[in-house]
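# Have a look; sequence and predicted model below, questions after that.
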Amino acid sequence: MTERSTIKRTEDAVDLLKQQHQEIKTLFAATAANSGEQRRRSFEQLVRLLSIHETAEEEIVHPQTRRLPGGERMIQTRLREEEHAKRLLAELDRMGPEAPQFPERLARLRETVLSHAEHEERDEFVALRKHFSPEQLRGMAVLIKAAQAIAPTRPHPQVRPTARANLIAGLPIAVLDRTRDLLRGTGRALRTMGARQT
């Protein structure tokens, strides 16, 4: 199979990002509706998806949009929204889903993120479809998936939301995040095994 045929069978960047927006909505609903361990798991999935999604947009999508007419202004607005969402997400991640103020803060984050996604879909994604060919958008989807595979899995609002900053700081941070995720999962598995043995 050639690289060209692989790209043709891949969804395009806009479809991929819209699909992730739907997954994010679903995870917000699951996190809000559940409690205890189910809430924790859906929240961890939400944190991970939001983190890798925004990193890939900053590294792959936004630089392409910047090149379009009016793109710089559009991206500056999106980046302000993303920075605000990252700060809220980092705050929620630190406090944890068992904190009394978690539901209210989660609702605020949900409103911020879904408004941001709506703006992207209405403005940025329409511009991408208008100015890039289907093949270019499919190629961009491949790059997005590659960026997400090595992206940090936690919010890091202290890292500037630019492709350059993500590329310089992102990989070491991603290694730390993924190690933390692994240790968290291992600890949970060991606790579960210990509970079964007693």
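Now that the structure is in, tell me what you want to look at.
# Neighbours of the nearest residue to Leu137 once chain neighbours are set aside, how many?
Nearest residue to Leu137, sequence neighbours excluded (C-beta to C-beta, 6 or more residues apart in numbering): Asp12, at 3.6 Å. (Each C-beta comes from the backbone N, C-alpha and C, glycine too.) Neighbour count of Asp12, defined by other C-beta atoms under 10 Å: 23.
# for this structure, what are the low-confidence residue spans?
1-10, 156-198 (pLDDT under 70).
# At which residues are the helices of the chain located?
3-9, 13-33, 36-56, 62-66, 71-95, 102-119, 125-131, 134-149, 163-197 (DSSP state H).
# Redo these as CSV? Include mean neighbour count and distance to Pro155.
As requested, these are exported to CSV (neighbours: other C-beta atoms under 10 Å; distance: least, C-beta to C-beta, whole Å):
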stretch, mean neighbour count, distance to Pro155
helix 3-9, 10, 31
helix 13-33, 17, 13
helix 36-56, 20, 6
helix 62-66, 19, 17
helix 71-95, 17, 4
helix 102-119, 16, 10
helix 125-131, 16, 23
helix 134-149, 17, 15
helix 163-197, 13, 10
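# Ends of stretch 116-125, what's the gap?
12 Å (C-alpha to C-alpha, to the nearest Å).
# what's the spacing between it and its chain's center?
15 Å (C-alpha atoms, centre = their mean, to the nearest Å).
# Repeat that for stretch 72-91.
12 Å.
# Relative to Val126, how far out is Lys25?
Counting by C-beta to C-beta, to the nearest Å, the separation of Lys25 from Val126 is 20 Å.
# Also Thr55?
23 Å.
# swap in Met74?
For Met74, the distance to Val126 - C-beta to C-beta - is 10 Å.
# And for Arg105?
31 Å.
# likewise Ala56?
Distance of Ala56 to Val126, given as C-beta to C-beta: 19 Å.
# can you check Ser133 too?
15 Å.
# what does Gln101 give?
Distance from Gln101 to Val126, by C-beta to C-beta: 37 Å.
# Ok, Lys18 next?
12 Å.
# who touches stretch 78-86?
Stretch 78-86 is contacted by residues 50, 54, 57-58, 62, 109, 112-113, 115-116, 119-120, 124, 155-157, 161 when judged by C-beta atoms under 8 Å, 6 or more residues apart in numbering.
# Is Glu124 in contact with Val61, as I believe?
Yes: shown here, Glu124 and Val61 form a contact pair, counting by C-beta atoms under 8 Å, at 7.3 Å.
# These two: which is more packed in?
The neighbour count for Glu124 versus Val61, taken as other C-beta under 10 Å, is higher for Val61 (26 against 23).
# leaving aside the residues next to it on the chain, what's closest to that one?
The nearest residue in space to Val61 (C-beta to C-beta, 6+ apart) is Ala13, at 6.5 Å.
# State the distance from that neighbour to Lys145.
Distance from Ala13 to Lys145, counting by C-beta to C-beta: 10 Å.
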